[in-house]
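**Q** Here's a sequence, model it:
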Amino acid sequence: MLSSETLFVDAVQDLVRDEIKKHIRQKIDADPALRKELTDAVRMLMDAKIHEAIAVLKLAKGGAKLGLSMVPPDLRKEMGQELVTMFEREVNQMLEQN
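**A** The predicted structure is shown next:
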């Protein structure tokens, strides 16, 4: 259980954060050019994160191909099926979470 001092400090920190957020929002609302600049920057950051995720997926795909090429031919099909099953399970879990 939290002590009363901890609760008080947390409450004061929340109030300070709220005031800072309010001040930032006022500054952004007062300057449409700044709002657009920040919006564009956030959009660029989101696009970069998506591109990063795509690159990671491509690396995983290449790594899987490399790994399969190293597996003896008589086991490749079984290994490929296991990989597909594993990725399918992971993707389904991610989709269920969202």
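**Q** name the element the residue sitting furthest away from the middle of the chain belongs to?
**A** Residue farthest from the centre of the chain, counting by C-alpha atoms, centre = their mean, is D74 at 38.4 Å. Using DSSP states H and E, D74 falls within helix 73-97.
**Q** list the contacts for G62?
**A** By C-beta atoms under 8 Å, 6 or more residues apart in numbering, no residues touch G62. Glycine gets a C-beta too; all of them are placed from N, C-alpha and C.
**Q** Relative to V56, how far out is it?
**A** 11 Å (C-beta to C-beta, to the nearest Å).
**Q** From A41, how far off is the residue farthest from the centre of the chain?
**A** Taken as C-beta to C-beta, the span from D74 to A41 is 53 Å.
**Q** counting contacts, what elements does the helix holding D74 pack onto?
**A** helix 32-70 (3 or more C-beta pairs under 8 Å, 6 or more residues apart in numbering; DSSP states H and E).
**Q** quick check: angle from the helix it packs on to helix 73-97?
**A** Angle, helix 32-70 to helix 73-97, by axes from the mean of the first three to the mean of the last three C-alpha atoms, to 10 degrees: 150 degrees.
**Q** Adjust the sequence numbering to begin at 26 for everything that follows.
**A** Sounds good: first residue 26 from here, last item helix 57-95.
**Q** Kindly provide the whole-number mean pLDDT of stretch 76-83.
**A** If you average the pLDDT over stretch 76-83, you get 95.
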